[in-house]
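1. Pasted the sequence and its predicted model underneath.
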Amino acid sequence: MATDIYAEALEYHRSGRKGKIEVIVTKPFSTQKDLSLAYSPGVAKPCLEIAANPEDAYEYTAKANLVAVISNGTSVLGLGNIGAMAGKPVMEGKGALFKKFADIDVFDIEVATEDPDELIRTCELIAPTFGGINLEDIKAPQCFYVEETLKKRVNIPVFHDDQHGTAIITAAAFLNALEVTGRDIRSVKAVFNGAGAAGIACAKMFVALGLPKENLIMCDSKGIIYRGRAESMNPYKEQLANDTELRTLAEALRGADVFCGVSVAGALTPEMLKTMAPKPIVFAMANPEPEISYPDAIAARPDCIIATGRSDYPNQVNNVLCFPFLFRGALDVRASEINTEMKIAAVKAIADLAKEEVPDQVLRAYGVDNFEFGPEYLIPTPFDPRALLRIAPAVAKAAMETGVARKKIDDLQAYTDHLETTLGRSKAILRYVTNRVKKDHVRVVYPEGNNKKIVRAAIRVMEENIATPVLLGNHREISDLISKHGVSNHSIMIIDPSQEDDCVERYARAYYAKKQRSGITLPYARDIMRRDPGFFGAMMLSGGDTDCMIYGQSLPYPYAIRRVLSCIGRNPERKTVASVYMMVFKTRTLFFADTTVNINPSEQQLAEIAVSVAEFVREFDITPKIAMLSYSNFGSSDTPGAAKIARATALVKELAPDLEVDGEMQANLAFNTELREEIFPFCTLKGEPNVLIFPDLNAANIAYKLCMRLAEVDAIGPILVGLNRSAHVVERGAHADNIFNLTALAALKARQHATSNR
């Protein structure tokens, strides 16, 4: 197994473009004018501005978002002193993590010296290039000296991740373990094994959080570090030495509450663990094998709480949960240093995040149904996207409060919203939607109320105050599902249609009135209202007992949409119901229609679809620009299919003269503005379109699914337009985050409906 992994890793690093990172140009660079702006003569002006005011480097260069990952390769991963060049793959990897998780650019710099003063001088000389310095894989005790000295000599943040990243994550787990076991930090006895960079940093962080120094015992390979010991000591160990008669790790662990190891595999034996206090807290973080394995620890002490550096067991201590987001916050306020208060802010943000409901995308990544705060979930997973949104603002706030920030952020919520945009444009769009719908609260019904993913989405809808969820189904089953997520007091309504005689009768009569000339009898209407929550929920919406509806998670799409269409009327002005996919690309957002409903729409239907989609797009404060797509360009083909699109375009202009729309046109021409204006100057569509109306379901469905598969795009939908109420049918098997997103859009449309009917 290991051999296969190592072979795969070598191929990963050498295939294609060698290594893991590249530099890209962020400004236009394709014309002579671009060159004159980027280089000579234009570049002279920002140079002069910076010469007059060095702080302007943050405005005119990449400095504000650039970190140096610097190492001399003297203590790489678990590999030891392998030298600067051999450590480069690790430093490139560190740079990739900075970019992936916090959109921070990195130059990795490997310095071929073991002289700490040479390393310090190198960092000092290149510091003007960077907004921060991340020291990496420098052996102890040199790493302490290098960091401390550099912090005095440069005015940008200097952070040794091997020390403080590990300490911050471990401290967050420590705080939560204390809460889970009911301990008071002031009375805890903690034993640390390993007095290198990470071990000493962890001990100092625990003390900074309130652990009395006299309650701490530090061990190294020679035994207990006690006051007066002469062998293998240095000033950093001396700071943590206590007066004690204890001399071995085994002696220190008797009755101890906490073991924190950053040492070697096997250092903690099952026999030692058995002597610890009830519910012992064990942080076994030796790399790659822990001081005691998870199975051995649980076998020796079933009551223990354990965290390791491994991803195959609970509570993984992984520095990627900290350093990208810590630097993000520090860079964004142009902090001059990363101080203790900023680290503690990160600790508490991480600890608090573990107590929140975990997003569906994280659960899918780990193949589990739920993560719940407790002994096996003390800290968030390394790939929790919310870490950026919690840690960076907390760090920025601490930097401002302690006076090390040179740039003030007046609105931390606006800053958090901005950070969310770095996770993808779809996040920004959905944040815009959720902020709007919170102002006018609506009710949303989920007919599949006993579906686990629906319940997860409903809980999030409630917690983010998007709407009041109404779940249909067996009351006890749904209550149990909600309770399993740790939610007790909630505002989620549960309705069992089989127990709602009055509602069943009212909805049955209303449905019978709609469908009595379509073969529906009143007894049949009563029966389906009682036993089919899809019909019950749709009639709730039709009758105004709820404001929007989300349906179809466990059903084929045609089966679900038939219930919606048979119960809920069409918009009297737009008789065609269609679906839209919001396709959120990195640099643009497009709306595709019709993607799921009409197989071969007529020209009248296409026109109505275009107008309905335009009305929906305006809800995002986006001016719709519509391209009516075909295989023909403005009459270049006289086939019936092309003529249909031309007639549909004319109808759109009649129905909504204010819309910017044209067609028929090919998809490539729609986005080649220069060519379109040259060949077809009469075209009334100016610039690139943001709404694409496809000629039929084949074209639209193929297009959006190809984009989803081959492009870097988030697809949000399908969103129904053309109904007189806000109802949406999710695709079968949709995940909880998709259901939440569609709920937010449904609430937006419900709000629009309520506003138009006032």
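-> It's in. Just so we're clear, the structure is a prediction, and the values are computed from it rather than from any experiment.
2. ok, now which ones touch the residue sitting furthest away from the middle of the chain?
-> Computed with C-alpha atoms, centre = their mean, the residue of the chain farthest from its C-alpha average is residue 517, at 50.8 Å. Taking C-beta atoms under 8 Å, 6 or more residues apart in numbering as the definition of contact, residue 517 has no neighbours. Heads up, the C-betas are built off the backbone N, CA and C, glycines and all.
3. Name the SS class of it, please.
-> Under DSSP: H, G, I helix; E, B strand; the rest coil, the three-state class of residue 517 is helix.
4. Give the bridge partners for residue 626, please.
-> residue 661, residue 691 (DSSP bridges).
5. so what's it up against?
-> Per C-beta under 8 Å, 6+ apart, neighbours of residue 626: 610, 613-614, 652, 659-663, 685, 689, 691-693.
6. With residue 34 instead?
-> 27, 28.
7. can you pull the buried residues of the helix or strand that it is a member of?
-> Assigned by DSSP states H and E, residue 34 belongs to helix 32-38. The neighbour-count check on helix 32-38 (16 or more other C-beta atoms under 10 Å) flags residue 37 as buried.
8. cool, stretch 681-698 as well?
-> Neighbour counts using 16+ other C-beta under 10 Å place 683, 685, 689, 690, 691, 692, 693, 694, 695, 697 of stretch 681-698 among the buried residues.
9. so the residue nearest to residue 310 when sequence neighbours are not counted bridges to which residues?
-> If the residues on either side of it in the chain are set aside, residue 310 comes closest to residue 316, at 6.2 Å by C-beta to C-beta, 6 or more residues apart in numbering. Beta-bridge partners recorded for residue 316 (DSSP bridges): residue 308.
10. Surely residue 316 and residue 380 touch.
-> No: look at residue 316 against residue 380 with C-beta atoms under 8 Å: they stay out of range, at 10.0 Å.
11. Which residue of these two possesses the greater neighbour count?
-> residue 380 (29 against 20; other C-beta atoms under 10 Å).
12. The closest residue to residue 212 other than its chain neighbours - how many residues pack around it?
-> The shortest distance from residue 212 to any non-neighbouring residue, by C-beta to C-beta, 6+ apart, is to residue 186 (6.3 Å). The number of residues packed near residue 186 is 9, by other C-beta under 10 Å.
13. Same check on residue 84?
-> Using other C-beta under 10 Å, residue 84 has 21 other residues around it.
14. so what's it up against?
-> Counting by C-beta under 8 Å, 6+ apart, residue 84 has contacts 71, 72, 73, 110, 111, 112, 113.
15. which one of those is nearest residue 331?
-> When the contacts of residue 84 are compared for distance to residue 331 (C-beta to C-beta), residue 71 comes out closest, at 20.1 Å.
16. for the closest one, which residues make a bridge with it?
-> residue 110.
17. Could you list the low-pLDDT ranges of the stretch 351-500 of the chain?
-> Applying pLDDT under 70 to the stretch 351-500 of the chain flags residues 364-365, 367, 424-426, 439, 489.
18. Provide a complete list of residue ranges assigned to helices in it.
-> In the stretch 351-500 of the chain, the helices defined using DSSP state H, counting those that start in this stretch lie at 360-366, 386-401, 412-422, 425-437, 452-463, 475-484.
19. by contact count, what packs against the second one?
-> With contacts defined as 3 or more C-beta pairs under 8 Å, 6 or more residues apart in numbering; DSSP states H and E, the packing partners of helix 386-401 are helix 88-102, helix 323-332, helix 340-353, helix 412-422.
20. and that helix with helix 425-437, angle?
-> 70 degrees (axes from the mean of the first three to the mean of the last three C-alpha atoms, to 10 degrees).
21. Pull out the buried positions in stretch 663-674.
-> 663, 664, 665, 666, 667, 669, 670, 671.
22. By neighbours, which of the contacts of residue 84 wins?
-> Going by other C-beta under 10 Å, residue 72 tops these with 29 neighbours.
23. surely that one meets residue 138?
-> Yes: between residue 72 and residue 138 there is a contact under C-beta under 8 Å: 5.9 Å.
24. what touches both of those two?
-> residue 119.
25. Quick one: residues contacting residue 474.
-> Residue 474 is in contact with 450, 496, counting by C-beta under 8 Å, 6+ apart.
26. Distance check, it against residue 498.
-> Counting by C-beta to C-beta, to the nearest Å, the gap from residue 474 to residue 498 is 8 Å.
27. Then residue 530?
-> 6 Å.
28. In terms of neighbours, single out the busier of these two.
-> residue 530 (20 against 14).
29. Would you agree the more buried one is in contact with residue 504?
-> Yes: in this structure residue 530 lies within contact range of residue 504 using C-beta under 8 Å: 5.1 Å.
30. okay, and the common contacts of those two?
-> Contacts common to residue 530 and residue 504, judged by C-beta under 8 Å, 6+ apart, are 497, 536.
31. Quick one: residues contacting residue 656.
-> Residues near residue 656 by C-beta under 8 Å, 6+ apart: 611, 614.
32. One more: residue 417?
-> The neighbours of residue 417, taking C-beta under 8 Å, 6+ apart as the test, are 428, 431, 435.
33. Same question for residue 590.
-> For residue 590, the contacting residues are 582, 583, 689, 690, 691, 692, by C-beta under 8 Å, 6+ apart.
34. give me the element residue 714 is part of.
-> Counting by DSSP H and E, residue 714 is part of strand 713-721.
35. Would you mind pulling the contact partners of the following helix or strand past that strand?
-> Note on strand 713-721: by DSSP H and E, the next helix or strand toward the C-terminus is strand 726-729. By C-beta under 8 Å, 6+ apart, the residues outside strand 726-729 that reach it are 538, 541, 547-552, 557, 560-561, 564, 568, 596, 718-720, 742, 745-747, 749-750, 752-753.
36. Beta-bridge partners for residue 223, please?
-> For residue 223, the beta-bridge partners are residue 220 (DSSP bridges).
37. Give me the neighbour count for it.
-> Neighbours around residue 223, by other C-beta under 10 Å: 16.
38. is it true that it touches residue 250?
-> No: with contacts counted by C-beta under 8 Å, residue 223 stays clear of residue 250, the gap being 10.2 Å.
39. Which elements pack onto the following helix or strand past the helix holding residue 34?
-> Toward the C-terminus, helix 32-38 is succeeded by helix 44-52 as the next helix or strand (DSSP H and E). In terms of contacts (3+ C-beta pairs under 8 Å, 6+ apart), helix 44-52 is packed against helix 57-60.
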